[in-house]
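Undergrad: I'd like to go over a predicted model; first the sequence, then the structure.
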Amino acid sequence: MLDLVLAIAHHLAVFSLVGVFAAEFFLLREGVTGPRLAQLGGIDRLYGLLAMLVIVVGVVRVTFGAAGPWYYLGNQMFWAKMTTFVVVGILSVWPTRDIMAWIKSAKADPQFSPGPAAIARARKFLAVEAVLFAFIPAFAAAMARGYGS
């Protein structure tokens, strides 16, 4: 039963993370100001919290799940999935820093809007994250079918 609960929690956290990521990607557009910028900051914070939840539930699942830690820790697909998740997390630092700086600027100047180049730069990071995200379920599916062990 614990394994089922952990699997459900992990999947819900991952799907929520992807949904929040998509919202951030689509909100990050030229002309974002004021309330929309604040909303973008809230979504980015939620993205970070959900990423931490995915990690915590994942660690608990690896440790206490039915497959046991040795199934995961000895599997190359597991490590490919983890490495990709870490790279996505590292790449997310730059858009987060930009968004935080923009919110600070918007507090000082309510008319502030990030320039097109700044938006394009942040969106490039998000686009790379999106491409890498696509590999994570592929690695998970391969692992679940015994590849990488």
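TA: Sure, I can see it. Numbers count the residues shown, from 1 in each chain.
Undergrad: Okay, buried residues for the helix or strand of the chain with the lowest mean pLDDT please.
TA: Least confident helix or strand of the chain, by mean pLDDT, DSSP states H and E, is helix 69-73 with a mean of 93. If you call a residue buried by 16 or more other CB atoms under 10 Å, then helix 69-73 has these buried ones: residue 72. (C-beta placed from N, C-alpha, C; glycine too.)
Undergrad: Return the alpha-carbon coordinates of the helix or strand following that helix using CSV.
TA: Tracing the chain C-terminally past helix 69-73 and defining elements by DSSP states H and E, one meets helix 76-91 next. What follows is helix 76-91 as a C-alpha-only set of coordinates in CSV (Å, rounded to 0.1, in the frame of the first residue of the first chain):
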residue,chain,number,x,y,z
GLN,A,76,21.8,3.6,-15.5
MET,A,77,18.4,4.9,-16.6
PHE,A,78,17.7,6.1,-13.0
TRP,A,79,20.9,8.0,-13.0
ALA,A,80,20.2,9.5,-16.5
LYS,A,81,16.8,10.6,-15.1
MET,A,82,18.4,12.1,-12.0
THR,A,83,21.1,13.8,-13.9
THR,A,84,18.6,15.3,-16.3
PHE,A,85,16.4,16.5,-13.4
VAL,A,86,19.5,18.2,-11.8
VAL,A,87,20.5,19.9,-15.1
VAL,A,88,16.9,21.2,-15.5
GLY,A,89,17.1,22.5,-11.9
ILE,A,90,20.4,24.2,-12.5
LEU,A,91,19.1,25.8,-15.7
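Undergrad: From the contact counts, what lies against helix 76-91?
TA: With contacts defined as 3 or more CB pairs under 8 Å, 6 or more residues apart in numbering; DSSP states H and E, helix 76-91 has these neighbours: helix 34-64, helix 116-144.
Undergrad: Looking at those helices, which is nearest to residue 98?
TA: helix 116-144 (4.9 Å; CB to CB).
Undergrad: what pLDDT, on average, does that closest one get?
TA: In this model, helix 116-144 carries a mean pLDDT of 97.
Undergrad: other SSEs contacting that helix?
TA: Helix 116-144 sits against helix 2-27, helix 76-91, helix 93-108, with contacts defined as 3+ CB pairs under 8 Å, 6+ apart.
Undergrad: Select, out of those, the one closest to residue 136.
TA: Per CB to CB, nearest to residue 136 of the helices and strands packed on helix 116-144: helix 76-91, 5.4 Å.
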